[in-house]
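Q: sequence first, predicted model second:
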Amino acid sequence: MRQTSRNQGQAPWNKEIALQRIREHLHREGPLLPILHALQDEFGYIDAAAEPLIAETLNITRAEVHGVITFYHDFRRQPAGRHVLKLCRAEACQAAGGDPLAARAQSRLGVDLGNTAADGSVTLEPVYCLGLCAVAPSAMLDGRLIGRLDQQRLDALLAETRR
Amino acid sequence: MTLRLYVPIDAGALAVGAEEVAAALRAAAARQNVAIDIVRNGSRGLYWLEPMVEAQTPAGRVAYGPVAPGDAESLLAAIRSGGAHRLHLGPTEDIPYLKRQTRLTFARCGVVDPRSLDDYRAYDGYKGLAQALSLGAEATVEQVVQSGLRGRGGAGFPTGIKWRTVAQTQSAQKYIVCNADEGDSGTFADRMIMEGDPFVLIEGMTIAAIAVGASRGYVYIRSEYPHAAATMEAAIAAARRGGCLGQRIAGSSFAFDMEVRVGAGAYVCGEETSLLDSLEGKRGLVRAKPPLPAHKGLFGQPTVINNVLSFASVPIIMEKGAAFYRDFGMGKSRGTMPIQLAGNVKYGGLFEAAFGMTLGELVDDVGGGTRSGRPVRAVQVGGPLGAYFPRALFDTPFDYEAFAAREGLIGHGGIVVFDDTVDMAKQARFALEFCAIESCGKCTPCRVGSTRGMEVIDRIIRNENRAANTALLEDLCHTLKFGSLCALGGFTPYPVMSALTHFPEDFGAPPRLQAAE
């Protein structure tokens, strides 16, 4: 059954499952990023409790693990909203009218870029290029790509995030 | 008889409804009781026409677009009867935008089924590898050197020289790393190749491996490209099954295998040494050079690290010979460049052409000006670290040196078009803001200077001590340019200074005065 409290139906934090996910990548060279992606795919974020588990398994310091998690924009340290709406804020989308759309999304949702709505419905994030620069402005809602964004299409996406 | 249709699965086509169009065509076929076979190809790169549907006819492929799901019924009927349709574009190859291109790297993109190794082979795939195997390692490196191919990621370093350095470095373990962290706004050529013709990248990397004696490869793909990563994974698995990766490649004594690694949303990881640190599982910090990655790269081993387009250009160089490729282009920019027209442009897409077309031809003639219909005021060439050029510089030929001579860069070949509503002070400020967001933090000018630069621009816009603050901004840009290890800090001055130089009126300066008598 899909969880309603987390984006894309992830499971709640569980140490045993986390260890299992970590071990699946130990045969790789440089396994840390694949491990962090696997944990985020599983739980929707990387729980602070994962840091010592990873550190111990890879025989590196917890500080190193923490440093890597916090370096990359993708890794979340708490769950996202039920929906994640990413709006491209890079130059090609700016040129094609992305600025007023981003302002509209923020005011309609009452959330600033980079934040989650108080009711947990949606996390609104900036993204710097989805590679859809010839069909700009672009967005991504829960992994689905949207190009040629205009006010009407944006409003439809915003309505989806309220469901 | 089964009717063969092509509906792109490229992310750019999906973003404008290609999946819905494919579903509508299937439903229409069921209603019209006709057997269809829908091939999910890559994009031809004519994005204003996406979703662009093609039909296989006895006279070749015929295109229709942009197709909406509601068009499916009438479109299918027209294709079956050979009747007219308002979305009819004629034979695909005859569409002027496509016809005037020189597609070498992109020869198969949008043509083949990206997940089919058989299709790849049917369209001349793996002929380059066969040639490399018959020539041997040293001669292969020489072919790439002689072709004049330069790194298409932006730096423009000769690819063959890089390979030769790795080939001459002794080590039991060497690596081939593909930089597919295409973070520059206005660029999508790497994504198109990975989604539309992934085997050409695998073949290029395999040739590199044989040339330098590497056994292991990685494609580092940015996380913003999930479709590209999935297609690459599928193609790698198919290549393995087909004996093109693994032990005894194509029946030879060479062994090479590769895997996809996904980034985690850090623009700076497009810088090669930062990418290597990221692959190793570290923070993506830029490394000081030397040592070069060719000597000490991934895990300290000799490493060829090239952009997607550099590797993807190698198979055709090997197949047709260095001279064939070198004969295209101008000056020291040899071969073709996949140019990407983006932003506020009427005909946005991928335009591969020999180096040497002018910026004006590309923007006005090929791109058709702005989509908004307003005058083109500025274009940013080469991503967020590229310069803003005004119309006055539209005679600049697309060439590494010509752009450098005008304080710009071609970078990865992206051109972002802006109309006359653009505020260039805002764009200059954004360049510094982006640098502040994405700085890895290693170099002080980049980590701190970017934020200080935003503050200085704000003061200039507010007309506080204009002359002194402008001088300060110039000085800060100088420090960034010469005091940063990599292009993020080093090139951020390009958009900032070009905006200030070419569009001073946007920074609150009085309109440019006529030259004094």
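A: Perfect, I can see it now.

Q: how does chain A divide into domains?
A: Domain assignment for chain A, taken from automatic domain parsing, gives A:7-71, A:83-161.

Q: tell me which of those domains sits most buried.
A: Among the domains of chain A, domain A:83-161 has the highest mean neighbour count (mean count of other CB atoms under 10 Å in any protein chain shown), at a mean of 21. Where C-beta positions appear, they are placed from N, C-alpha and C, glycine not excepted.

Q: quick one: end-to-end length of that one, please.
A: Length of domain A:83-161, first residue to last, CA to CA, to the nearest Å: 6 Å.

Q: and for stretch B:483-495?
A: With CA to CA as the measure, stretch B:483-495 spans 17 Å from end to end.

Q: what is the mean pLDDT for it?
A: Averaging pLDDT along stretch B:483-495 gives 96.

Q: how far is that stretch from where the chain is centred?
A: 20 Å (CA atoms, centre = their mean, to the nearest Å).

Q: do it and chain A meet at all?
A: No. Interface with chain A: stretch B:483-495 contributes nothing (CB under 8 Å from any CB of the partner chain), its closest point being 8.6 Å away.

Q: buried ones in that stretch?
A: B:S484, B:L485, B:C486, B:A487, B:L488, B:G489, B:G490, B:F491, B:T492, B:P493, B:Y494, B:P495 (16 or more other CB atoms under 10 Å in any protein chain shown).

Q: just name the closest of these to chain A, please.
A: The closest of those to chain A turns out to be B:P495 (CB to the nearest CB; 8.6 Å).

Q: what kind of secondary structure is that closest one in?
A: helix (DSSP: H, G, I helix; E, B strand; the rest coil).

Q: farthest pair within the buried residues of stretch B:483-495?
A: Farthest pair in these (CB to CB) is B:L485 and B:P495. Separation: 19.2 Å.

Q: may I see the domains of chain A arranged in JSON lines, with mean pLDDT and distance to chain B as well?
A: Shown next, in JSON lines, are the domains of chain A (pLDDT from 0 to 100; distance: least, CB to the nearest CB, whole Å):
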{"stretch": "domain A:7-71", "mean pLDDT": "95", "distance to chain B": "3"}
{"stretch": "domain A:83-161", "mean pLDDT": "97", "distance to chain B": "3"}
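
Q: please produce a markdown table containing the ones you listed, extended by distance to B:L104.
A: Formatted as a markdown table, the domains of chain A follow (distance: least, CB to CB, whole Å):
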| stretch | distance to B:L104 |
| --- | --- |
| domain A:7-71 | 34 |
| domain A:83-161 | 21 |
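
Q: of those domains, which is nearest B:A402?
A: Of these, the one closest to B:A402 (CB to CB) turns out to be domain A:83-161, at 22.0 Å.

Q: just the strands in the stretch 101-250 of chain B please.
A: Along the stretch 101-250 of chain B, counting by DSSP state E, counting those that start in this stretch, strands occupy B:175-180, B:216-221.

Q: most packed of the ones you listed?
A: strand B:175-180 (a mean of 28).

Q: got the contact list for the residue nearest to B:R334 when sequence neighbours are not counted?
A: Counting by CB to CB, 6 or more residues apart in numbering or on different chains, B:G148 is the residue found nearest to B:R334 once chain neighbours are left out, at 3.0 Å. Neighbouring residues of B:G148 by CB atoms under 8 Å, 6 or more residues apart in numbering or on different chains: B:P158, B:A322, B:Y325, B:R326, B:G329, B:K332, B:R334, B:G335.

Q: any idea how many residues pack against the third one?
A: Think B:Y325. Number of residues near B:Y325 (other CB atoms under 10 Å in any protein chain shown) recorded here: 26.

Q: what distance do you get for the spatially most central residue of chain A to B:R222?
A: Nearest to the geometric centre of chain A sits A:D74, at 5.8 Å (CA atoms, centre = their mean). As judged by CB to CB, to the nearest Å, A:D74 and B:R222 stand 10 Å apart.

Q: so what sits against both of these two?
A: Here A:D74 and B:R222 share the contacting residues B:G263, B:G265, scored by CB under 8 Å, 6+ apart.

Q: follow-up on the earlier one: hmm, the residue nearest to the centre of chain A is touching B:V262, no?
A: No. Counting by CB atoms under 8 Å, A:D74 stays clear of B:V262, with 9.1 Å between them.

Q: shaky segments in the stretch 151-300 of chain B?
A: Of all residues in the stretch 151-300 of chain B, none has pLDDT under 70.

Q: how is chain B carved up into domains?
A: If you go by automatic domain parsing, chain B breaks into B:3-96, B:117-326, B:329-419, B:424-507.

Q: dump those domains into CSV; add distance to A:L154 as well.
A: Formatted as CSV, these follow (distance: least, CB to CB, whole Å):
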stretch, distance to A:L154
domain B:3-96, 14
domain B:117-326, 19
domain B:329-419, 17
domain B:424-507, 21
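
Q: please, which helix or strand holds the nearest residue to B:R466 once chain neighbours are set aside?
A: Leaving out its chain neighbours, the residue that sits closest to B:R466 by CB to CB, 6+ apart is B:I460, at 6.0 Å. Assessed by DSSP states H and E, B:I460 sits inside helix B:449-461.

Q: please apply the same query to B:V304.
A: strand B:303-307.

Q: which SSE is immediately downstream of that strand?
A: Under the assignment DSSP H and E, the closest C-terminal helix or strand after strand B:303-307 is helix B:308-320.
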